[in-house]
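**Q** 3D model of this:
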Amino acid sequence: MKESVHVWFLDVVHEALWNALDAAGMKCHDGTGVSREALVAGDIGPVHGLVLRSRIRLDAEVLHAIPDLQWIARSGSGLENIDLATTAKLGIAVHSSPEGNRDAVGEHCVGMLLSTLHKLTSADASIRQHQWLREAHRGRELKFMTVGIVGYGHMGSAFAERLSGFGCRVLAYDKYKDGWGETPSIPRPMKHVQPVGWSAFCRDVDVVSLHLPLTEETKKMVGADWLGQFDHPILLMNTSRGSILHTSALLSALDQGQVTEACLDVLEFEGHSLEDLEELEDEFLRTTLERLLAHPRVLLSPHVAGWTVESYQKLSTVLADKILAHSSSVP
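**A** Prediction:
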């Protein structure tokens with residue numbers, strides 16, 4: 001008789017995943033109260049699969065302490081809280097579900113961009129103060145802009161797809177896609193987007209949207225030097241990870257006119273679980289955060305670009321399909 005597969009859910013995800021794994025004969029356990037220390041000590045019994053978002057970092061110490069672990073399922077797209085070098089060494093499969101919330105992210109990006117271009121937040125606030133400031137809220141049309149996407153994976157491509165109906169030019173730069181480097185070998189626009197080299201990207205774009213994973217390479221990548229490479233002022237968007245962007249550099253660029261507006265769904269100051277803001281002890285960081293929160297040309301949302309009613313379920317159904325396909329392929 002085949003041994004039962006024990007799966008521990010370290011974070012709350014949509015019940016569709018639990019139900020699918022349970023129906024497949026796996027033993028599902030609520031591990032939302034399980035600590036990192038309990039995992040390292042082996043206090044929770046057999047563990048063959050782990051489901052998580054970002055509450056616990058699965059580093060080498062944790063992974064080596066779970067000898068029977070077969071797979072990890074990350075609800076969402078980012079894998080920065082999983083030591084991928086160690087999982088590869090130990091033969092642990094890692095599943096994520098960017099397909100589940102790519103549509104939500106694409107729509108959220110469009111919403112933030114249109115709200116900023118048409119000054120909807122300040123227009124609403126001014127009317128509530130009994131002001132009728134039409135000229136002050138004259139907007140700009142997306143059709144006449146060039147939107148640049150940095151990183152053309154699930155999220156970047158979803159944004160490009162949704163931009164296609166607006167008639168704007170869409171450029172993309174992704175150094176890790178074959179033929180997309182500094183001088184792309186693709187001779188004409190693909191569907192929804194034109195791949196370009198970095199120099200052409202910096203020369204032409206009006207809007208820059210970041211769709212990058214958080215890695216050692218991308219952490220704090222967007223700083224003063226990076227922002228200074230563009231030929232004219234840009235509107236900057238970040239719905240990927242807050243730590244990619246150096247906030248103080250963004251504020252300086254806003255003050256200097258290098259950046260006209262910013263749309264941020266993620267902040268440098270989020271806690272490791274991505275569920276709230278950190279308690280900042282450093283005075284400079286506290287001041288930087290307060291300056292950001294008070295800035296009139298910054299639109300903020302609380303890391304919810306991919307967090308819709310529909311995506312919540314899709315994240316789980318995508319993971320269920322991947323886990324069951326993997327399990328069926330393992331003897």
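**Q** need phi/psi at the nearest residue to residue 52 once chain neighbours are set aside.
**A** Leaving aside its sequence neighbours, residue 52 sits nearest to residue 10 (Cβ to Cβ, 6 or more residues apart in numbering; 4.1 Å). Yep, even glycine has a C-beta here, placed from its N, CA and C like the rest. Note on residue 10: its backbone torsions stand at phi -80, psi -20 [degrees, to the nearest 10].
**Q** quick one: residue 10 from residue 272, how far?
**A** From residue 10 across to residue 272, the span is 14 Å (Cβ to Cβ, to the nearest Å).
**Q** and residue 100, by the same measure?
**A** Distance of residue 100 to residue 272, computed by Cβ to Cβ: 22 Å.
**Q** so who does the residue nearest to residue 52 touch?
**A** Contacts here follow Cβ atoms under 8 Å, 6 or more residues apart in numbering; on that basis residue 10 touches 31-32, 34, 50-52, 55-56.
**Q** circling back to that earlier point, and residue 100 and residue 272? Which one has more around it.
**A** residue 100 (24 against 12; other Cβ atoms under 10 Å).
**Q** any buried residues in the host helix or strand of the more buried one, and which?
**A** Per DSSP states H and E: residue 100 is located in helix 98-117. Neighbour counts over helix 98-117 (16 or more other Cβ atoms under 10 Å) mark 98-113, 115-117 as buried.
**Q** who does the helix or strand encompassing residue 262 pair up with?
**A** Residue 262 belongs to strand 259-264 when elements are defined using DSSP H and E. Sheet pairing of strand 259-264 (DSSP bridges) gives strand 234-238 (parallel), strand 298-300 (parallel).
**Q** closest one to residue 133 among these?
**A** Minimum separation from residue 133 across the strands paired with strand 259-264 (Cβ to Cβ) falls at strand 298-300, 18.2 Å.
**Q** who touches the closest one?
**A** Residues from elsewhere that reach strand 298-300, judged by Cβ under 8 Å, 6+ apart: 112, 115-116, 121, 254, 261-265, 267, 292-293.
**Q** picking up where we left off before, only whichever of the contacts of residue 10 are buried, select them in PyMOL.
**A** A single PyMOL command selects the buried members of the contacts of residue 10 (16+ other Cβ under 10 Å):
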select buried, resi 31+34+50+51+52+55+56
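**Q** residue 19: which of the contacts of residue 10 is nearest?
**A** Among the contacts of residue 10, residue 51 lies closest to residue 19 (Cβ to Cβ), at 12.7 Å.
**Q** got the phi and psi for the closest one?
**A** Main-chain dihedrals, residue 51, degrees, to the nearest 10: phi -120, psi 130.
**Q** okay, it and residue 295: tell me how far apart.
**A** Per Cβ to Cβ, residue 51 is found 38 Å from residue 295.
**Q** so the residue nearest to the spatial centre of the chain: helix, strand or coil?
**A** Closest residue to the average C-alpha location of the chain: residue 240 at 2.9 Å, with Cα atoms, centre = their mean. At residue 240 the chain is in coil, as set by DSSP: H, G, I helix; E, B strand; the rest coil.
**Q** ditto for the one 3 residues further on
**A** For residue 243, the secondary-structure state derived from three-state DSSP is helix.
**Q** isn't it right up against residue 271?
**A** No. Counting by Cβ atoms under 8 Å, residue 243 does not reach residue 271; the two are 11.5 Å apart.
**Q** neighbour count winner among those two?
**A** Using other Cβ under 10 Å, the more surrounded residue of residue 243 and residue 271 is residue 243, with 19 against 11.
**Q** which residues does that one contact?
**A** 214, 219-220, 268.
**Q** so which of those residues is the closest to residue 134?
**A** Closest to residue 134, out of all of those and judged by Cβ to Cβ, is residue 268, at 36.0 Å.
**Q** burial count for the nearest residue to residue 81 once chain neighbours are set aside?
**A** Closest residue in space to residue 81, ignoring its immediate chain neighbours: residue 57 at 4.6 Å, by Cβ to Cβ, 6+ apart. By other Cβ under 10 Å, 15 other residues sit near residue 57.
**Q** sounds good, over and out.
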